[in-house]
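Q: Need coordinates for the below:
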Amino acid sequence: MTHPVLHALAIIAAILIPGAEVLYFAWAIRRQRIEKQLEAAKGEDPIDEILEAYRRKFPKDSLRAKARRERLALMQRRRRRKFPK
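A: Reported below is the predicted structural model:
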């Protein structure tokens, strides 16, 4: 809560105006969500960590990657033989 006076005025207006309490609580919840998002954005970007973990788990020269490249190359050769341009 950065401005308690603003919150006090908003809650008083919400009490006096019928149905405005819902708007006040929606405003307060939205404000909290925005603050949480800003705090999360200040931290490090987790995408770099995720990418690093993926590269560790599936290295570029792994046997699985080599087998996949060979299968793709084989399928491309077969396609060329069946459908020449």
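
Q: List of residues touching the helix ranked longest in the chain?
A: Using DSSP state H to define each element, the chain has its longest helix at helix 20-42. Helix 20-42 is contacted by residues 7, 10-11, 13-15 when judged by C-beta atoms under 8 Å, 6 or more residues apart in numbering. In this view, the C-beta of every residue, glycine as well, is placed from N, C-alpha and C.

Q: Out of those, flag the one nearest to K57.
A: Among the contacts of helix 20-42, H7 lies closest to K57 (C-beta to C-beta), at 47.7 Å.

Q: What helix or strand is the closest one located in?
A: helix 4-16 (DSSP states H and E).

Q: Show me how the protein divides into domains.
A: By the record's domain assignment, the chain is partitioned as 4-42, 46-82 (automatic domain parsing).

Q: average pLDDT for the longest one?
A: To tie it back to what came earlier, the one meant is domain 4-42. Predicted confidence along domain 4-42 averages 82 (mean pLDDT).

Q: The domains of the chain into TSV, with extra columns for mean neighbour count?
A: What follows is those, written out as TSV (neighbours: other C-beta atoms under 10 Å):
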stretch	mean neighbour count
domain 4-42	11
domain 46-82	9
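
Q: about what we covered before: tell me the angle the helix holding H7 makes with helix 20-42.
A: Orientation of helix 4-16 against helix 20-42 (axes from the mean of the first three to the mean of the last three C-alpha atoms, to 10 degrees) gives an angle of 150 degrees.
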